[in-house]
Structures are given as C-alpha cells and as structure tokens.
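Enquirer: Structure for the following, please:
(2 chains)
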Amino acid sequence: MRKYVLRYAVLGYLVMLLAVPVFVIAYRTFAHGLSPVWDALSSHAAVNALELSLLITAIAVPINVIFGVATGWFLARRKMPLPWLVNAVINMPFAMSPVIIGLSVFVLYGRTGWIGTYLFAHNIPVLFTWKAMVIATVFVSLPFVVREVVPVLEEIGTEQEQAAQVLGASALQGFFRVTLPAIRWAVVYGTILTVARALGEYGAVNLVSSGFVGQGLTLPLYVDNRVNQLDPTAAYSAGLLLALLSLIILVGMTAFASRRRRQT
Amino acid sequence: MADVAIGGTLLRRRGAPLRRPVSAGIGPGLSVLYLSLLVGLPVAALISKSANVNAWSFVWHDPHTRSVLEFTFFIALAIAVLNAITGVALAWVLVRDDFPGKRIVNSLIDLPFALPTIVAGLVLLTLYGPGSPIGVNVAATRVGVLFALLFVTLPFVTRAVQPVLLSLELDVEDAAACLGAKPLTIFRRIILPAILPATLTGAALAFARALGEYGSVVLIGGNIPHTEIGSQVIANLVENGAPQAAAAVGLALIVMALLVLLVLALVTRRWSRHA
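Expert: So this is what the prediction gives:
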C-alpha cells in the first residue's frame, strides 16, 4: 500500500510539474489551427531569430567540441600547468549564473573594457552584435564536452595508445585512430548537451544582444519578446519549436547516455 | 596490473623528450589560451569592475537589492531542501519500484536540462498563469518563482542519488529485516547513510542553480520588484547603465554559492572521516 502511495505521489508531482505544462503549451499553440502557427513561424522576425540561433550554435559548438576534446586530452594524458586551476576554470560556467556570464562578457567588451577600449577605438563592433552572443554562448556551454571526455579517457587507460606508439604510429595517428574512436560516444553526448545549451541559452545572450526584433534576437529571446509584446501565438509557436528541438535532444541524450561510458 | 602501469609510465616518461621536442608545449598552451581568453579574462574583468567601494556600498545599503539578495538566498535554500525530499523519492521510485512506462518517466527527468529556460518559464506560465486551464494563477507571485525553480532544478538530486541506490546491496536490507527492523528503521539506518552524500551534493547543485537562475523566472515573475531574484537585479542594473553595481551584485551571488559549496565540502569530508 505504502509503495503505491509513494509511486503515485511521485508520478503526480512529475506530471503536474513537467508533463501537463508541456502538453498545455502544445494545445494552446494549435488552439486556432495550423495556419496561424505557420504564419507566426514564417514571419521575418521569427525566421531571422531561428537563423541567428543556428548561426550562433554553428560557431560555438565546433569551438567547444574541438577545444573541449583537446583540453580533456591534455588534462587526462599530459601535464597541464596548475591542473586545479584549469579544472576550476572549466567548471566555472556551471557555477555562475548565465546573467553574470553575460555581464562579464559585457564588461570585457564594453566601451571601457580591457578589450572593448581597443575595439571601440578601431570601430570594430562586437558588443550588441552576434559576435558577442557567440562569445557568451561559448562561455556558457564550455564545460560539457571536457567533462564528458576526461572520465572516459581516464577509464580507458593508455595501454592501447602506447601499443600504437610502439608500433610506430605518430601522436596524431594514435589520437585519431585509437583514442578518438574509444571516446566517440562521450564526445557525441557532450556535443548534444552543448547544442542544447547553445540553442536554448537566454540569460547570457540577453545581456549582450542589441534586442532589435528581426536582427538581434535569438529564438529564446524572441519568445520573451513576443510574450512582452502580447503576441501569444508567435510566442507559443516559437516556444513549441524550441520544445520540439529539445525533445529531439532529449531522445538523443537517452539513446547515447548508456553508450557513452561503455568502451567499444 | 600495477607493474604494467608503472612500466607504462616509465616508458612514456623516457620516450617523451625524444618524441616531443619543442612542439610539446604548444597543444597544452593552446588549451590554456582558449580557457583564459574565453573564461578567465571575462571573469577577471568582472572582478576588477566590481573592485569599487561605491558599488559595494550600493549592494550593502540599497534596501531593494538587499531584500532581493535575502529572498534569493532563502528561496534557493528552500529549493535545496524540497529537492532533497522529492529527489530521493523520485530516485527511489525509479530504482526500486516497477511500473509500465518507467523508462519514459526516467528520460522525462532530464527534460528540464534539455528545455530552454525561457520555454520552461513560458510553459509554466501557460498552466499556472492568467487564464490557467486548472484555475491556478501564481504568475507574479513568489510561489510562481518557486514553481519555476523547482522545474529547472528537478534532475539534480534524482540523478545524483539514482546510481547510489542502484549499487546498494539488497542483502543488507534483507538481513536487517530478518533481525526485525521495520522499513522505516532500515531506511534511516541503512539506506539514508549511504545516499546522504549524493543527496547533499545534488541539493547543493540545485541551490547554486536556483541562486543564479534567470530565464525560467522572468516570465512567471511578472516583472515586478516583489518577485525579483538576484539575476534579474543584475540585468536591470545593466539596463540602467550601472554595470559596476551589477558586477558587485554578481560577485555577491558567486560568493554566496561558493560559501555553501565550501561548507558542504567540509561537512562531507568530516562526515566521511567519521564513517
């Protein structure tokens, strides 16, 4: 009896907090049929927001995947200077509020900031353009790949890499033909998490965006903008689009979660 | 096994200078450059920006900022406690109970991590805001903020406790039951000590997340001073052209999070030494 009470209490909590709200937003979006949704999503502002989100993701994710794998490899296999400090820096984006991350980018690239002074003197606009949004996105999504890769690298050990080395493989050959295949699922999983964060980031990019509709808004910023402009259909449509993307990401996470720690 | 590992290390150390001449430092150097340019430098800039007496005196003396920081701290604490309870219950049901659709429920737990925070806020606003289909309107109240924070912090404790529960030996519980222990006693004396460190870690992560949360609370908070938490004050200060004060508030939040994490680390260390 006690078992059932706990089971349904827990399920009820989940349903009310997660499942029903997501269902209600889908229902509200299509309350007036398909065509208003299509109109809202094909408007100039919505298309622009989607393009900006994809652009930022397309730049930020490869940076974090390439440098994340490299940094993870150096942390696990080579001597990094001050490893505790490197670890602290890698984990910092998780410990900081996205708004504080946005603020630190704002301060660094602002008119009186260390880099901003130079940029403003030479008329190179970064703050309030997509460039600053990319920088903020790279910052918030930096830890995912490194943190996935390091434990797997430590777990698989160095025997295979050494075997490759003894057999005459160069360091690069050893990495691409032995190490990378062994950690590929960890890389894939970390990449999925990075994409999810890059697509959905709101707080950090909000602070460094120009806020102009149809130019400086990513999809999450556009959702917020539409809610404030009392345009629920557009807000729900864009929100549901993001929710669908994250559902795909969730399925990917579930599919790869079990594989990432297993060697092949 | 140990011999092989030692031999391997020796082999690598001896071979290293031959195989990697000057170029050996370039890779780690690039990594350090990447980290310091993208994370270290902005954070250093933030700290130097807040190194200003006026900014800190603003944080200390402005009544609104102070009350917001207090509210942020206490609601984050409440979130940590609530999550410790619901998270353990969720993990328990997912590990020890069995029902159709358990796998779907299990992957549903990660939804708050996959869903963009602003969409989480929008989703909660549709169900628990004006025009709520179930007649519950908590928009622009502190209860609404609590709902949003519960939503985004849901996975932390569950995901920390689940693997520990899975690894527990059932024999010990059976033995305790044979010796006449009641279910509650078994939970308190056998299971709880085992899952406590993981629960505390998860709760601390939830606390840190709640302390800095922004996207999910902006919509349901309704843009009024009464429901603001720390991040919203920072964003408002930046919009009003006061980045120095914003940096000071930001650092105050970071210090708060670090203090809690430090206390937790000390408690866990002391506790594991006793065990």
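Enquirer: going forward, measure contacts and count neighbours with C-alpha atoms only.
Expert: Fine.
Enquirer: Quick one, grab the pLDDT at residue A:134.
Expert: You'll see residue A:134 listed with a pLDDT of 97.
Enquirer: cool, residue A:234 as well?
Expert: 92.
Enquirer: before we move on, which element is it in?
Expert: Following DSSP states H and E, one finds residue A:234 within helix A:232-260.
Enquirer: is chain B contacted by that helix?
Expert: Yes. In terms of CA under 8 Å from any CA of the partner chain, part of helix A:232-260 sits within range of chain B, namely A:236, A:239-240, A:242-243, A:246-247, A:249-250, A:254.
Enquirer: Distance of residue B:31 relative to residue A:178?
Expert: From residue B:31 across to residue A:178, the span is 21 Å (CA to CA, to the nearest Å).
Enquirer: Outline the domain layout of the chain.
Expert: Using chain A. A:1-31, A:44-260 (automatic domain parsing).
Enquirer: meant chain B actually
Expert: According to automatic domain parsing, the domains of chain B span B:22-51, B:54-274.
Enquirer: Which per-residue confidence value corresponds to the closest residue to residue B:56 other than its chain neighbours?
Expert: Once flanking residues are discounted, residue B:56 sits nearest to residue B:248: 5.9 Å by CA to CA, 6 or more residues apart in numbering or on different chains. As predicted, residue B:248 sits at a pLDDT of 94.
Enquirer: And residue B:8, by the same measure?
Expert: pLDDT, read off for residue B:8, is 41.
Enquirer: What ranges does the stretch 151-275 of chain B have for its strands?
Expert: Chain-ordered strands for the stretch 151-275 of chain B, with DSSP state E, counting those that start in this stretch as the definition, do not occur.
Enquirer: and what of the stretch 51-200 of chain A?
Expert: With DSSP E, counting those that start in this stretch as the definition, the stretch 51-200 of chain A shows no strands.
Enquirer: who in it is up against chain B?
Expert: For the stretch 51-200 of chain A, the contact set with chain B under CA under 8 Å from any CA comprises A:67, A:70-71, A:74, A:78, A:80, A:86, A:89-90, A:92-93, A:95-101, A:103-105, A:107-108, A:113-114, A:135, A:138-139, A:158-159, A:162, A:193, A:196-197, A:199-200.
Enquirer: change it to 7 Å
Expert: Residues of the stretch 51-200 of chain A found near chain B (CA under 7 Å from any CA of the partner chain) are A:67, A:71, A:74, A:80, A:89, A:95-97, A:99-100, A:104-105, A:107-108, A:139, A:196, A:200.
Enquirer: Just these: which are in helices?
Expert: The helices, defined by DSSP state H, take in A:67, A:71, A:74, A:89, A:95, A:99-100, A:104-105, A:107-108, A:139, A:196, A:200 from these.
Enquirer: Tell me which of those has the lowest pLDDT.
Expert: residue A:95 (83).
Enquirer: Skipping its backbone neighbours, what lies nearest that residue in space?
Expert: Excluding its sequence neighbours, the residue lying closest to residue A:95 (CA to CA, 6+ apart) is residue B:208, at 6.7 Å.
Enquirer: swap in residue A:117?
Expert: Nearest one to residue A:117, counting by CA to CA, 6+ apart, is residue A:111 at 5.4 Å.
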